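[1] Give me coordinates for this.
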Amino acid sequence: MTAKIIAVVNQKGGSGKTTMAMQIGGTLSLQHKKILIIDADEQNSALEWAAMAPEGTPFPSRVINLAKAGMKIHQEIKKFIDDYEIIIIDCPPAADSPVAKSALLVSDLALVPFIPDGLNMLAAVKIRDTIDAAKVLNENLKSLLVLNRVEPNTTLTKTVIDLLPQFNMNTANTRIHKRTHYAESVLSGATVHIFKSKAKEATEEIEQFCNEVSCFINAN
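    Prediction:
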């Protein structure tokens, strides 16, 4: 098998990159897919998330840290492509990060979590430019903007969503809403599935998003 590679990127910290990477990776693993999550950030957030899992109930996906590889991380990633179906890279929060730029060179999809507010809109423009630059060397790179931590029916959310077509970037149909279960699952070292019926909406939402990402990344 040759893995599809997804880089989760954004200019701004706090956009939900690690949460998205872990929820997607863990969910796909629960669907019996062979997934590797690469923590490319020196803060080790993804690695620490997985470490919170209780003994005997590990996080569904394998999680490793390759932050020290720096601008050569794309070379390290290539070593794993024959062993997994999907590799998900949790990149550092900086559009000009050499790690993110390197990861995008070998990625099939740049996934951009986007909180619909003014500051995040400005940050999204910077990461879009970084993705466009990467496409010069990686012609197969696709990009997908994902509305994250959405609070429905607010004026600001509606205003920002109306402006999204100006980004010239594909936007996911699935929206990830602001739900406490996403944050709480970190403390359990798991995905929202650990809460079962209590997190039905979050579980259905993230599974729907995983299905959309799978279809998008495999489309010609």
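[2] Counting neighbours, show which residues of stretch 191-207 come out buried.
    Neighbour counts over stretch 191-207 (16 or more other CB atoms under 10 Å) mark 191-195, 199, 202-203, 205-207 as buried. For the C-beta atoms, the positions are set from N, CA and C on the backbone; glycine is no exception.
[3] any residues touching that stretch, and which ones?
    Contact with stretch 191-207 is made by 22-24, 26-27, 30, 60, 174-177, 179, 181-182, 184-185, 188, as judged by CB atoms under 8 Å, 6 or more residues apart in numbering.
[4] cool, stretch 69-77 as well?
    5, 38, 40, 66-67, 87, 89, 98-99, 101-103, 105-106.
[5] Which among those count as buried?
    5, 38, 40, 66-67, 87, 89, 99, 101-103, 105-106.
[6] between those, which is nearest T154?
    Distance ranking of these against T154, using CB to CB, places I89 first at 31.4 Å.
[7] Can you tell me what sits against the helix or strand where the closest one lies?
    Using DSSP states H and E, I89 falls within strand 86-90. Applying CB under 8 Å, 6+ apart, the external contacts of strand 86-90 come out as 3-8, 17-18, 21-22, 24-25, 28, 33-41, 45-46, 61, 73, 77, 80-81, 103, 107.
[8] if we go to 6 Å?
    3-8, 17-18, 21, 25, 35-40, 46, 103 (CB atoms under 6 Å, 6 or more residues apart in numbering).
[9] Likewise for stretch 17-31?
    Counting by CB under 6 Å, 6+ apart, 8, 10, 35, 37, 45-46, 49, 60-61, 88, 90, 113, 182, 191, 206, 210 sit against stretch 17-31.
[10] related to what we said a few turns ago, so which of the buried ones among the contacts of stretch 69-77 comes closest to R128?
    Using CB to CB, K101 comes nearest to R128 of these, at 13.7 Å.
[11] Quick check on the closest one: phi, psi?
    As for K101, its main-chain torsions (degrees, to the nearest 10) stand at phi -60, psi -40.
[12] Can you name the next helix or strand after the helix or strand of the chain with the lowest mean pLDDT?
    Lowest mean confidence among the helices and strands of the chain (mean pLDDT, DSSP states H and E): helix 155-163, at a mean of 73. Next along the chain after helix 155-163, taking DSSP H and E as the criterion, comes helix 180-187.
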